[in-house]
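1. show me the folded form of this:
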Amino acid sequence: MPAQLEAVLYLKGRCLSLGQLSELVHYPTEEVELALITLMADYAHRDTALEIRQEAAGFSLQLRADLSELVRELVPVDLSTASLRTLATVALKKRILQSELVDLRGSGAYDHIKELVEQGFIERRRQSDGRSFWISLTEKFHRTFSVKSSTGTEAG
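-> Residues are numbered from 1 along each chain as shown. Modelled structure (predicted):
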């Protein structure tokens, strides 16, 4: 279960309560709490860039605070961490329905999508037989992040 909790915290990209985590992984809150303690201890004993942070509202998976300056230097865009996580989710899926992205990332994804479209990293196209939009990466994304595009050429 710790791996499931880690995945949920990463994909949601926001603070989640024990109750919310319990619902998402389908385990009792007591078991979730024990698994979180195990996961937090695991992160604390590894030399990793991430940490599980406990706050009043719940738990979140975040980049260690001492690495935030490095991220600002390496990421050549002005996007929030939450928008970057939404962009990473789109990049992993290649093409995803907006409704599915919102299910994965929460209702804040609507704002992330708007920001990412405005900055030219993703595009939205209406589904031909539905009400949602298809979200996909743009060439600007591939150029900016030097990722191989769907055509197989590497931007650079």
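2. report the buried residues of the helix ranked longest in the chain.
-> For the chain, the helix with the greatest residue count under DSSP state H is helix 29-45. The neighbour-count check on helix 29-45 (16 or more other CB atoms under 10 Å) flags 32, 35, 36, 39, 40, 43 as buried. Quick note: C-beta positions are derived from backbone N, CA and C, even for glycine.
3. okay if I get those as JSON lines plus distance to residue 124 and pLDDT?
-> Formatted as JSON lines, the buried residues of helix 29-45 follow (distance: CB to CB, whole Å; pLDDT from 0 to 100):
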{"residue": "32", "distance to residue 124": "35", "pLDDT": "95"}
{"residue": "35", "distance to residue 124": "37", "pLDDT": "95"}
{"residue": "36", "distance to residue 124": "35", "pLDDT": "94"}
{"residue": "39", "distance to residue 124": "35", "pLDDT": "93"}
{"residue": "40", "distance to residue 124": "37", "pLDDT": "92"}
{"residue": "43", "distance to residue 124": "35", "pLDDT": "89"}
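4. contacts for the helix or strand following the longest helix of the chain, please.
-> Using DSSP states H and E, the helix or strand that directly follows helix 29-45 along the chain is strand 50-55. Strand 50-55 is contacted from outside by 6, 9, 15, 36, 39-40, 43-44, 59-64, using CB atoms under 8 Å, 6 or more residues apart in numbering.
5. what are the pairing partners of strand 50-55, and which direction each?
-> strand 58-63 (antiparallel) (DSSP bridges).
6. can you pull out the helices in the protein?
-> Using DSSP H, the helices of the chain run over 2-12, 18-25, 29-45, 68-74, 81-93, 98-105, 109-118, 139-145.
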